[in-house]
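Trainee: could you work out the structure for the sequence below:
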Amino acid sequence: MSNLIYKFARAVFAAFFKVFYSLEVKGKENIPLEGRLVVTANHITYYDPPLVGCVLNRKVHFMAKEELFKIPVLGYLLRLIGQFPVKRGKPDRTALKESFKILEEEKVLGIFPEGTTRGKGESLRKAKSGAILIPIKSRSPILPVGIKIKNRKIKISIGKIFTLEEYYEHKLDKEERSAAGEIIMSKIAEEIDKL
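Mentor: Model prediction:
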């Protein structure tokens, strides 16, 4: 049932973007067709989650800010299509557990490493701790996505998957977390630069 509703929602958003925007997507051939995957993208508008969901040919489970789930109908629909809440500003163990569960089931997890607050400018912010730890602790490949929206023109670039394998056996001190986060954000930046 939830998969059917997800496909319906995806089709509705795809039609919306087709009618109201000019959409250009590069790198669709880089999307793995199966297996666990962490999709990471920059976050600039409310449209980013459905945009990523539309261009990927797999169901994406996104973390979304907790406040959205308190809106009666919206919260119900978000859960129905496989999205889940995350508390902002502090570690959220429940959201982390849900993330690991999704990846253990060989599904796709969508994360905006900068957090659930949208960026205001062109420059990327630092990756949050959870966005760094999840792909490392779950040993999951990462798919970097760059998004640019200007004057009703949407451009998306999907990069090649990469891993943070060099950190898998580490306890991850502050310095290593920061270095791993920089790798994630640099890969997203590379995709934005292609647009």
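Trainee: what about the closest residue to P49 other than its chain neighbours, which SS state?
Mentor: The shortest distance from P49 to any non-neighbouring residue, by Cβ to Cβ, 6 or more residues apart in numbering, is to F62 (4.9 Å). (Glycine included, C-beta is placed from N, CA and C.) In three-state terms, and counting by DSSP: H, G, I helix; E, B strand; the rest coil, F62 is strand.
Trainee: check the burial of F62 by counting its neighbours.
Mentor: F62: 22 surrounding residues under other Cβ atoms under 10 Å.
Trainee: residues in a beta bridge with it, which ones?
Mentor: For F62, the beta-bridge partners are G110 (DSSP bridges).
Trainee: how close does it get to R152?
Mentor: 24 Å (Cβ to Cβ, to the nearest Å).
Trainee: cool, L37 as well?
Mentor: Distance from L37 to R152, by Cβ to Cβ: 30 Å.
Trainee: higher neighbour count, the two?
Mentor: More crowded of L37 and R152, by other Cβ under 10 Å: L37, with 24 against 9.
Trainee: what pairs with that one across the strands?
Mentor: V108.
Trainee: pLDDT at it, what is it?
Mentor: With respect to pLDDT, L37 scores 98.
Trainee: am I right that V145 is in a strand?
Mentor: Yes. If the criterion is three-state DSSP, then V145 is within a strand.
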